[in-house]
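Asker: I'd like to go over a predicted model; first the sequence, then the structure.
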Amino acid sequence: MSDVEKIEVDALVVGSGIAGLQSALDLADQGYSVAVVEKNPSIGG
């Protein structure tokens, strides 16, 4: 079983493609705390 880390954020973006990363940047620029999750070992669509 893997370790689990609990974090609290205002927004969770699923996927680190161009749209996900841009959404995360836009939300962060507006003052939201953001986490991005990706199923693959590297970012990108």
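Answerer: Cool, the structure landed.

Asker: how about the most centrally placed residue in the chain, secondary structure?
Answerer: Taking Cα atoms, centre = their mean, the centroid of the chain lies closest to Val36, which sits 0.9 Å from it. Here Val36 is recorded as strand under DSSP: H, G, I helix; E, B strand; the rest coil.

Asker: how many other residues sit next to the nearest residue to it once chain neighbours are set aside?
Answerer: Nearest residue to Val36, sequence neighbours excluded (Cβ to Cβ, 6 or more residues apart in numbering): Val13, at 4.6 Å. C-beta here means a position set from N, CA and C on the backbone, and glycine is covered the same way. Around Val13 there are 21 other residues, counting by other Cβ atoms under 10 Å.

Asker: If you count neighbours, what's buried in the helix or strand where Val13 lies?
Answerer: Element membership of Val13, judged by DSSP states H and E, is strand 11-14. For strand 11-14, burial by neighbour count (16 or more other Cβ atoms under 10 Å) applies to Val13.

Asker: Show residues contacting it.
Answerer: For strand 11-14, contacts defined as Cβ atoms under 8 Å, 6 or more residues apart in numbering pick out Gly20, Leu21, Ser23, Ala24, Leu27, Tyr32, Ser33, Val34, Ala35, Val36, Val37.

Asker: Any regions of this protein where pLDDT drops low?
Answerer: Residues of the chain meeting the criterion pLDDT under 70: 1.

Asker: tell me the contacts of the residue nearest to the centre of the chain?
Answerer: Taking Cβ under 8 Å, 6+ apart as the test, what Val36 contacts is Leu12, Val13, Gly15, Ser16, Gly20, Leu21, Ala24.

Asker: rewinding a little: given the strand holding Val13, what are its sheet partners and their directions?
Answerer: When pairing is defined by DSSP bridges, strand 11-14 lines up against strand 34-37 (parallel).
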